[in-house]
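Colleague: kindly generate the corresponding structure for this input.
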Amino acid sequence: MNILASPRSRPSPASTVPRRMSHSRLSPNRTNRRPMARRRMSHSLVRTICALASVAACAATLFPAASATAATPRRAAVLVSRSRCAANRAAGTITYLTGFSWQASVGILDPIAAEAQGFYSDLCLKVRFEPGNGDPTSSAQLVDAGKVTITELGSPEDAIADVAGTPSIPVDAIATYGNATIDVLLTMPSITNLRQLDGKTIGYKGSMPPDITAMLQKAGVRISSLKEVAVGYDPTILPRGQVQGLTAYKSNEPVQLSDAGYKVREWDPASFGIKGAFNVFDVNRAWAKAHPGTVEDFLRATFKAFSFCISHATTCVRDAAKYQVGYNVHQNVQRWMVESGIVRKTLLPGHGVGYEDTAQWLPSYQLMVRSHLIRHSLDLASIVDPRYLDAIYRGRSLIWPGP
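Modeller: Numbers count the residues shown, from 1 in each chain. Next up, the predicted model:
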């Protein structure tokens, strides 16, 4: 049973119901991690195996380089000092809750790849995964309660809303991936000016994104005339005319609609001067303070995997596909390419992937204040904690493997 079961508020992957997979099933098969010289078989033995096994298994035995995973996980090797290794093992299992299911978003695909490629093992980390349901409030509450060690939230707004709503919540933001808005408003091509949406129906999931509302206001749309309705996860309600505008993730619904043959127009808040950020790692504050080196090494291995997935996107997505029946590899590769591309184009000056500071979060906070979405003022420095990132980067260069 998954930890979370409340309604989703984040775009659904194009496929099916997620299923939980244990840490042990995530780990590379022990046999596959042996050096090739120790896995050689005589042709007679191969023929015997083929007589008993499926055609697919036989092909994988004869031609391991042609298997579904292009980059075979290597044998794990401890790459840190004995003291660091002992400290990481003493920290226990890190329970990581994904932002939403197993979709190939940044902050989901790269942790999966870090496990599959042995980067966590290299640093003596043991990581257990749980699929999230896209509800940032319940995710933060699980971190607060210590049932989850680290989770991924969709945006700074999610973290700000959680902490502002419960000022005593003991969580810290330890990384932020993208320095741009990830939300987009979709319309049909016939909409060439947002003011044409006056009096029309706008569909959203969970809640209306504040950056979309700010964009509509800036474009001169009469917000009071709009009919804003909560909708499900089928984006074809837009081309079918059930809504005239649909909030979306840049990496999700546009990909689904394009694959289905629909042409739509994307309205990006950034084009209207609206700033934002997306995909935040949240950690239990008490646990992080007790195990700072382990936090550093979790981030270190995850961001090494980010770079790996840039050049091995299909390999990483196929590793994620092992967690879910009916996983759409094609669409998830596209999702990863869109999101990782935004991250790489919007890195903070002089810093690497994931780096964050309060100035980066300030536009999101100010937007929420103007939109009356938070009840309490908030000191961003109380939740944005870049000390762990300072320890793993030298400028934009990731320090690998570390102490």
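
Colleague: give me the domain ranges for this protein.
Modeller: Taking automatic domain parsing as the domain assignment, the ranges for the chain are 23-28+73-178+279-398, 31-66, 183-272.

Colleague: and the shortest one, what's its mean pLDDT?
Modeller: Think domain 31-66. For domain 31-66, mean pLDDT is 36.

Colleague: continuing past the strand or helix carrying Val283, what's the next helix or strand?
Modeller: Per DSSP states H and E: Val283 is located in strand 278-284. Following strand 278-284 in sequence order, the next helix or strand is helix 285-290 (DSSP H and E).

Colleague: what are the buried residues along that next one?
Modeller: By neighbour count, with 16 or more other C-beta atoms under 10 Å as the criterion, the buried positions of helix 285-290 are Arg285, Trp287, Ala288. (C-beta placed from N, C-alpha, C; glycine too.)

Colleague: would you agree the first one is in contact with Val171?
Modeller: Think Arg285. Yes - counting by C-beta atoms under 8 Å, Arg285 does reach Val171; the two are 5.9 Å apart.

Colleague: just to revisit the earlier point, now for the strand holding Val283, which elements pack on it?
Modeller: If contacts are counted by 3 or more C-beta pairs under 8 Å, 6 or more residues apart in numbering; DSSP states H and E, strand 278-284 sits against helix 136-144, strand 150-153, helix 156-165, strand 171-178.

Colleague: contact partners of the last one?
Modeller: Okay, so that is strand 171-178. Contacting residues not belonging to strand 171-178 are listed as 106-107, 140, 143-144, 150, 156, 159, 162-163, 277-285, 288, 295, 299, 339, 342-343, 346, 353-356, 360-361, 383-386, 388-389 [C-beta atoms under 8 Å, 6 or more residues apart in numbering].

Colleague: how far does stretch 306-325 stretch from start to finish?
Modeller: 24 Å (C-alpha to C-alpha, to the nearest Å).

Colleague: how about that stretch: buried residues?
Modeller: Neighbour-count burial for stretch 306-325, counted by 16+ other C-beta under 10 Å, picks out 306-310, 312-321, 323-324.

Colleague: just stretch 278-297 next, same as before
Modeller: Of the residues in stretch 278-297, those buried under the neighbour-count criterion (16+ other C-beta under 10 Å) are 278-285, 287-288, 291, 293-297.

Colleague: next one: stretch 209-219 to chain centre, how far?
Modeller: Taking the mean of its C-alpha atoms, stretch 209-219 sits 24 Å from the chain's own mean (C-alpha atoms, centre = their mean, to the nearest Å).

Colleague: buried residues in that stretch?
Modeller: Under the neighbour-count criterion of 16+ other C-beta under 10 Å, stretch 209-219 has Pro209, Pro210, Asp211, Ile212, Thr213, Ala214, Met215, Leu216, Gln217 buried.

Colleague: could you dump those residues into JSON lines and include pLDDT, distance to Leu197 and secondary structure?
Modeller: Putting the buried residues of stretch 209-219 into JSON lines (pLDDT from 0 to 100; distance: C-beta to C-beta, whole Å; DSSP: H, G, I helix; E, B strand; the rest coil) gives the following:
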{"residue": "Pro209", "pLDDT": "91", "distance to Leu197": "15", "secondary structure": "coil"}
{"residue": "Pro210", "pLDDT": "91", "distance to Leu197": "17", "secondary structure": "helix"}
{"residue": "Asp211", "pLDDT": "93", "distance to Leu197": "16", "secondary structure": "helix"}
{"residue": "Ile212", "pLDDT": "96", "distance to Leu197": "11", "secondary structure": "helix"}
{"residue": "Thr213", "pLDDT": "94", "distance to Leu197": "12", "secondary structure": "helix"}
{"residue": "Ala214", "pLDDT": "94", "distance to Leu197": "15", "secondary structure": "helix"}
{"residue": "Met215", "pLDDT": "96", "distance to Leu197": "11", "secondary structure": "helix"}
{"residue": "Leu216", "pLDDT": "97", "distance to Leu197": "7", "secondary structure": "helix"}
{"residue": "Gln217", "pLDDT": "95", "distance to Leu197": "12", "secondary structure": "helix"}
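
Colleague: now distance to Pro111 too, for those residues, in a markdown table please.
Modeller: Supplementary listing: these in a markdown table, determined by distance: C-beta to C-beta, whole Å:
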| residue | distance to Pro111 |
| --- | --- |
| Pro209 | 25 |
| Pro210 | 28 |
| Asp211 | 26 |
| Ile212 | 28 |
| Thr213 | 32 |
| Ala214 | 31 |
| Met215 | 31 |
| Leu216 | 35 |
| Gln217 | 37 |
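
Colleague: need the max-distance pair from those residues.
Modeller: Pro209 and Gln217 (12.7 Å; C-beta to C-beta).

Colleague: in this structure, which ranges drop under the pLDDT threshold?
Modeller: Along the chain, the parts satisfying pLDDT under 70 run over 1-76, 165-170.

Colleague: in it, which spans are strands?
Modeller: All strands of the chain, identified by DSSP state E, fall at 94-97, 127-130, 150-153, 171-178, 183-187, 201-204, 227-230, 245-249, 265-267, 278-284, 393-394, 397-398.

Colleague: could I get these as CSV with distance to Asp259?
Modeller: As requested, the strands of the chain are arranged in CSV below (distance: least, C-beta to C-beta, whole Å):
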stretch, distance to Asp259
strand 94-97, 28
strand 127-130, 27
strand 150-153, 25
strand 171-178, 23
strand 183-187, 14
strand 201-204, 20
strand 227-230, 25
strand 245-249, 14
strand 265-267, 15
strand 278-284, 23
strand 393-394, 37
strand 397-398, 34
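
Colleague: for Ser83, find the nearest of those strands.
Modeller: Scanning the strands of the chain with C-beta to C-beta as the criterion, the closest one proves to be strand 94-97, at 18.9 Å.

Colleague: contacts for that closest one, please.
Modeller: Taking C-beta under 8 Å, 6+ apart as the criterion, the residues outside strand 94-97 that touch it are 3-4, 111, 125-132, 139, 142-143, 147-152, 294, 298.

Colleague: Leu373 reaches Pro210, doesn't it?
Modeller: Yes - Leu373 lies in contact with Pro210 (C-beta under 8 Å); the separation is 6.0 Å.
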